[in-house]
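A.B. asks: Quick one: sequence and predicted model below, then my questions.
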Amino acid sequence: MDDIVLETRGLTKRYGGVHALEDANFILRRGEHVAVVGDNGAGKSTFVRQITAVEQKSAGQVFFDGREVNFEGPLQAREAGIETVFQTLALADDLDVPSNLFLGRELFKFRLGPFSILDRKAMRERTLEALKTTAVKIPNVDNPIRNMSGGQRQCVSIARTAAFASKLVIMDEPTAALGVQETAQVENIIRGLKEREVPLILISHNLRQVFDLVDRIVVFRRGRIVASLNKDETDGNDIVSYITGVKGADAAA
Ligand SMILES: Nc1ncnc2c1ncn2[C@@H]1O[C@H](COP(=O)(O)OP(=O)(O)OP(=O)(O)O)[C@@H](O)[C@H]1O
């Protein structure tokens, strides 16, 4: 039990009559990188949203860092040490990169009741450090996020996640909208997390990426976990069979 970072027991989410997630039993161990795969609508994002309390689960239990948790919302999950990158980017358009990195956890020079002075210099320095360790290249961090490409925005979002990662990182399709170079950057950030032994749940449709990056692959089909396989004991055809429910399905199909 000691090396378990996250466990879900019987995690279930229903939207009216839609059984989006049924009885998910899942374990993530320290330092482990796990991919969550499955067809569109299989329940992957729903699973993550229940863990991070973006929504409230219909049934089941979540254990994190050695205790049962019932987060009231995503902020509580983040405070507990779960950092998440979602498909829809949560960045403030009018702010520059440091302000976005430190959004909600600003550094202050001085703070007394309603009076406070932000420590912009320290935030800028820490941002440059974070971007350096995560190998993300942003031409000018002082520009508002609004002027950046989708890929650069995604990299800022991921750098933020990686820079503050403490206990668990969750990425939902982090490279879905990225070009080749930006995808490679994000994959390097993920490798960096592995070296630092930060556990990861990676939702991805890209099986090449999954086999490159993770230790274990968990397959969802129609709201249920149908397989949990060590990467070295499976292959693309096997995973596609679990995803589709068709035995002998071809990975190239
Ligand atoms: N807010 C909601 N209200 C009603 N149904 C929903 C809601 N969110 C998700 N669903 C349904 O729950 C099921 C699982 O959706 P979910 O988004 O978790 O799938 P997914 O595996 O993440 O898919 P994708 O790969 O397309 O992102 C789908 O049938 C979806 O239509």
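C.D. replies: Happy to help now that I have it.

A.B. asks: contacts, neighbours, all on C-alpha from now
C.D. replies: Fine.

A.B. asks: So what sits opposite the nearest residue to His205 once chain neighbours are set aside in the bridge?
C.D. replies: Among residues not flanking His205 along the chain, Val37 sits closest, at 6.2 Å (CA to CA, 6 or more residues apart in numbering). Per DSSP bridges, the residues bridged to Val37 are Val219.

A.B. asks: Verify the contact between Val37 and Ile201 for me.
C.D. replies: No. Using CA atoms under 8 Å, Val37 makes no contact with Ile201, being 10.4 Å away.

A.B. asks: Which of these two has more residues huddled nearby?
C.D. replies: Between Val37 and Ile201, counting by other CA atoms under 10 Å, Val37 is the more crowded of the two (27 against 22).

A.B. asks: related to what we said a few turns ago, which residues touch the residue nearest to His205?
C.D. replies: Lys44, Ile203, Ser204, His205, Ile217, Val218, Val219, Phe220, Ile243 (CA atoms under 8 Å, 6 or more residues apart in numbering).

A.B. asks: Is Leu95 in a helix, a strand, or coil?
C.D. replies: coil (DSSP: H, G, I helix; E, B strand; the rest coil).

A.B. asks: Tell me the buried residues in the helix or strand of the chain with the lowest mean pLDDT?
C.D. replies: None of the helices or strands of the chain scores lower by mean pLDDT, DSSP states H and E than helix 150-164, at a mean of 77. Residues of helix 150-164 classed as buried by neighbour count (16 or more other CA atoms under 10 Å): 151-164.

A.B. asks: For Gln61, state which of these is nearest.
C.D. replies: Taking CA to CA as the measure, Gln61 sits nearest to Thr161 out of those, at 25.0 Å.

A.B. asks: Just confirm that closest one contacts Glu83, I think it does.
C.D. replies: Yes. With contact defined as CA under 8 Å, Thr161 reaches Glu83; the gap is 5.6 Å.
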